[in-house]
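# The following block contains a protein sequence and its predicted model.
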Amino acid sequence: VADFGYTSMDMVVDMVCRCKDSAVDDIQLKVVQCILSIITTNTVEIHEFALMIAVQACYHIHLVSKNQVNRSSAKSTLNQMLSIVFQRMEAYDLRMADLSLVD
């Protein structure tokens, strides 16, 4: 990833997600766990590029992994990730609506 407006967290997510192609089951599981930790934290915001590759990595691991634990972990992480993203979008919309009422 060239540094064209990407945040340091975008680059961290990119580096983690590059490991998705590993044939080692433990590495695939750690990728999924790391993605879930990054996405669910309230101290870092993940958007656009990083969010897209995180979704792709989980989907990829779910499709190609031969390990059932990794497949179900990737599926669960993908569901949680998308649920969190939509919850945050809805919360943002409510905050913006409240601010427009104040003005």
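Sure thing, it's come through. Numbers count the residues shown, from 1 in each chain.

# worst-scoring helix or strand of the protein, pLDDT-wise?
Across the helices and strands of the chain, mean pLDDT, DSSP states H and E gives its lowest value to helix 68-102, namely a mean of 91.

# what's that one packed up against?
In terms of contacts (3 or more Cβ pairs under 8 Å, 6 or more residues apart in numbering; DSSP states H and E), helix 68-102 is packed against helix 25-40, helix 48-64. For every residue, glycine as well, the C-beta is placed using N, CA and C.

# Could you list the buried residues of it?
The neighbour-count check on helix 68-102 (16 or more other Cβ atoms under 10 Å) flags 70, 71, 73, 74, 75, 77, 78, 81, 85 as buried.

# Please name whichever of the helices and strands packed on helix 68-102 is nearest to residue 89.
With respect to residue 89, and counting by Cβ to Cβ, the nearest of those is helix 48-64 at 11.4 Å.

# In that closest one, which residues are buried?
For helix 48-64, by 16+ other Cβ under 10 Å, it's 49, 50, 51, 53, 54, 55, 57, 58, 60, 61, 62.

# burial measure for the closest residue to the fifth one other than its chain neighbours, as a count.
Going back to what we said before, that points to residue 54. In this structure, residue 54 finds its nearest non-sequential neighbour in residue 35, 4.9 Å apart by Cβ to Cβ, 6 or more residues apart in numbering. For residue 35, the neighbour count with other Cβ atoms under 10 Å is 27.
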